[in-house]
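Undergrad: sequence unknown, structure follows:
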């Protein structure tokens with residue numbers, strides 16, 4: 001049985017989602033998927049059809065990711081990497097490759113899937129979950145994703161990872177124990193009407209730069225992070241102080257709503273001295289009940305904005 005290039009390409013989105021969970025980066029995931037498809041095409045004559053094409057491709061993709069991860073340091077979110085900071089703390093800028101990245105849903109969710117499957121897959125691309133995955137050793141991470149997200153049996157995982165069933169079961173046990181302590185509880189994939197209104201209130205207050213209103217929308221333990229800065233802040237009062245001080249350059253910003261990593265998000269454009277507004281950050285909100293619990297402002301707009309199909313500049317309104 002020989003698959004065509006088009007049949008391989010049809011799996012790109014699902015493979016990108018798998019590699020994103022493994023790597024914590026949309027850029028690294030895209031590179032891994034491209035290598036996967038190249039390897040698959042070169043080995044296509046050896047595909048005998050005993051497993052499905054998708055299973056065969058996932059097996060290749062998983063091993064590509066493991067090869068890449070052997071040469072890379074694990075990625076983090078600031079709140080899982082650095083101690084809580086304060087106004088005046090060192091910003092602690094680190095390379096972009098140090099941090100987990102958000103992902104546009106359209107690039108990683110399959111088009112042909114039922115709503116319940118989409119809801120489950122959305123849970124698996126949440127930033128907090130993907131960041132927790134990165135704390136696992138790569139082979140544990142792979143085994144867990146193949147079992148929990150793709151539904152593979154221990155025997156199938158063992159074959160895919162060139163391991164034994166006993167080793168796979170041991171890896172799964174350790175991975176599940178680690179995630180039980182590190183991973184967040186599942187959250188609804190769709191916002192309630194009250195939460196949707198909360199997101200709209202955030203956008204309105206941000207564009208007006210009403211920091212008092214912004215603080216009122218935050219949970220008492222809300223966090224603000226700004227990768228590639230390792231500095232992160234906790235609590236409405238401290239976040240308000242940041243917005244009135246070091247963060248005051250965001251006054252006059254414009255926001256464009258997007259969806260990132262199964263969460264409400266905004267592309268932020270700050271005023272450009274030469275006119276209009278220039279890209280500044282991709283803001284991803286974490287929401288629980290009726291409050292915002294996390295604000296992640298990713299500053300690597302050069303990488304992220306094109307992948308979210310966002311404009312490179314906003315003209316003066």
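TA: Received the coordinates, thanks. Remember, predicted model here, so these are calculated numbers, not experimental data.
Undergrad: and the helices in this protein?
TA: 5-9, 12-23, 26-42, 53-69, 78-81, 115-123, 127-134, 138-148, 154-161, 165-182, 193-208, 211-216, 236-244, 301-307 (DSSP state H).
Undergrad: of the ones you listed, give the one that comes closest to residue 90.
TA: helix 78-81 (12.7 Å; CB to CB). The C-beta positions use only the backbone N, C-alpha and C, and glycine is treated the same way.
Undergrad: still on that earlier bit, out of the helices of the chain, which is closest to residue 269?
TA: helix 301-307 (9.1 Å).
Undergrad: contacts for that closest one?
TA: 26-27, 96, 101-104, 107, 267, 279-282, 298, 311-312 (CB atoms under 8 Å, 6 or more residues apart in numbering).
Undergrad: picking up where we left off before, would you convert the helices of the chain into TSV that also reports mean neighbour count?
TA: As requested, the helices of the chain are exported to TSV (neighbours: other CB atoms under 10 Å):
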stretch	mean neighbour count
helix 5-9	12
helix 12-23	24
helix 26-42	19
helix 53-69	20
helix 78-81	20
helix 115-123	14
helix 127-134	23
helix 138-148	22
helix 154-161	19
helix 165-182	16
helix 193-208	16
helix 211-216	16
helix 236-244	18
helix 301-307	17
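Undergrad: in JSON lines: the ones you listed, plus distance to residue 91 and mean pLDDT.
TA: Shown next, in JSON lines, are the helices of the chain (distance: least, CB to CB, whole Å; pLDDT from 0 to 100):
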{"stretch": "helix 5-9", "distance to residue 91": "42", "mean pLDDT": "83"}
{"stretch": "helix 12-23", "distance to residue 91": "26", "mean pLDDT": "96"}
{"stretch": "helix 26-42", "distance to residue 91": "23", "mean pLDDT": "95"}
{"stretch": "helix 53-69", "distance to residue 91": "28", "mean pLDDT": "95"}
{"stretch": "helix 78-81", "distance to residue 91": "11", "mean pLDDT": "90"}
{"stretch": "helix 115-123", "distance to residue 91": "32", "mean pLDDT": "85"}
{"stretch": "helix 127-134", "distance to residue 91": "20", "mean pLDDT": "94"}
{"stretch": "helix 138-148", "distance to residue 91": "30", "mean pLDDT": "97"}
{"stretch": "helix 154-161", "distance to residue 91": "40", "mean pLDDT": "96"}
{"stretch": "helix 165-182", "distance to residue 91": "26", "mean pLDDT": "93"}
{"stretch": "helix 193-208", "distance to residue 91": "21", "mean pLDDT": "97"}
{"stretch": "helix 211-216", "distance to residue 91": "20", "mean pLDDT": "98"}
{"stretch": "helix 236-244", "distance to residue 91": "11", "mean pLDDT": "97"}
{"stretch": "helix 301-307", "distance to residue 91": "17", "mean pLDDT": "96"}
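Undergrad: once you drop chain neighbours, what's closest to the residue nearest to the spatial centre of the chain?
TA: Centroid check for the chain by CA atoms, centre = their mean gives residue 102 as the closest residue, at 3.4 Å. Spatial nearest neighbour of residue 102, excluding adjacent residues (CB to CB, 6 or more residues apart in numbering): residue 260 at 4.0 Å.
Undergrad: wait, what's in contact with the one you found?
TA: Contacts of residue 260 (CB under 8 Å, 6+ apart): 102-105, 282, 284, 308.
Undergrad: which one of those residues sits closest to residue 35?
TA: Taking the contacts of residue 260 together and measuring to residue 35 by CB to CB, the closest member is residue 103, at 18.4 Å.
Undergrad: ok so, going back, in PyMOL, how would I select the buried members of the contacts of helix 301-307?
TA: Only the buried entries of those go into this PyMOL selection, using 16 or more other CB atoms under 10 Å:
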select buried, resi 26+27+96+101+102+103+104+107+267+279+280+281+282+298
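Undergrad: let's see which of the contacts of helix 301-307 end up in strands.
TA: Among the contacts of helix 301-307, the members falling in strands (DSSP state E) are 267, 279-282, 298.
Undergrad: and stretch 290-303, how far from the chain's centre?
TA: 11 Å (CA atoms, centre = their mean, to the nearest Å).
Undergrad: which parts of that stretch are buried?
TA: 291-301.
Undergrad: roughly how far apart are the residue nearest to residue 101 when sequence neighbours are not counted and residue 141?
TA: Once flanking residues are discounted, residue 101 sits nearest to residue 25: 4.8 Å by CB to CB, 6+ apart. Separation of residue 25 from residue 141 (CB to CB, to the nearest Å) stands at 14 Å.
Undergrad: cool, and residue 53?
TA: From residue 53 to residue 141 the distance is 24 Å (CB to CB).
Undergrad: hang on, the earlier thing: which of the contacts of helix 301-307 sits closest to residue 176?
TA: residue 103 (23.6 Å).
Undergrad: so that closest one touches residue 26, yeah?
TA: Yes. With contact defined as CB atoms under 8 Å, residue 103 counts as touching residue 26 (4.7 Å).
Undergrad: much appreciated, bye for now.
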